[in-house]
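1. When you get a sec, could you give me coordinates for this:
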Amino acid sequence: MEAVSDRGDNEALDFIRSHPQMFLGPQIPTAELLADALADAARHSGSHVRICRMDDWWIVTAEHDWLAAFMLPGHRSVFTNVIRFPEQCVNCCRPEAVVTAFGRDVVTATEAGWSVIVGEGMMQEDRARLMAILPRWRRLVAFRMGE
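-> Below is the predicted model of the structure:
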């Protein structure tokens, strides 16, 4: 895993916000586009992936933890840094930081627990509802867009 830039977390996210075309092409950053980008990244792990909505939350789940290697102690956060993604294409970057840059709230979860990446996180009752409808997954990323 190689970072494209040594910018600090906030600088990297500001760079993404001010240059969305570098990460998304000519498209406007919509929740559906970001969810699709996350799902594509998860599919590279060979996992079955599901995208769903719950109220204003977009949720991407996978049967394999596509982010396990990025969540180890001492690694740069895949959610706040621009990291190369050559498995996708030669000049591609991972989409998780793009989701963080444009999401109002971003959370991730594994069987071990939930982590708030940015924003307020997900209410406990929403987590419980989500767990009831998504029984089999190893990694979940949920986000909602800014207003």
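
2. Give me the next element, helix or strand, following the longest helix seen in the chain.
-> The single longest helix within the chain, with elements called by DSSP state H, is helix 31-43. Remark: after helix 31-43, the chain's next helix or strand is strand 49-54, criterion DSSP states H and E.

3. what's that next one packed up against?
-> helix 31-43, strand 57-62, helix 124-133 (3 or more Cβ pairs under 8 Å, 6 or more residues apart in numbering; DSSP states H and E). Glycine gets a C-beta too; all of them are placed from N, C-alpha and C.

4. Give the buried residues for stretch 122-137.
-> Buried residues in stretch 122-137, counted by 16 or more other Cβ atoms under 10 Å: 122, 127, 130, 137.

5. With stretch 57-72 instead?
-> 57-67, 70-71.

6. got the end-to-end distance for that stretch?
-> Terminal residues of stretch 57-72 lie 26 Å apart, using Cα to Cα, to the nearest Å.

7. wait, doesn't Arg104 sit right on Ala142?
-> No - using Cβ atoms under 8 Å, Arg104 is not in contact with Ala142; the gap is 11.7 Å.

8. More neighbours: the two, which one.
-> More neighbours surround Ala142 than the other of Arg104 and Ala142, with 28 against 13 (other Cβ atoms under 10 Å).

9. Not counting sequence-adjacent ones, nearest residue to the more buried one?
-> Of all residues not flanking Ala142 in the chain, Ile59 sits nearest, at 4.5 Å (Cβ to Cβ, 6 or more residues apart in numbering).
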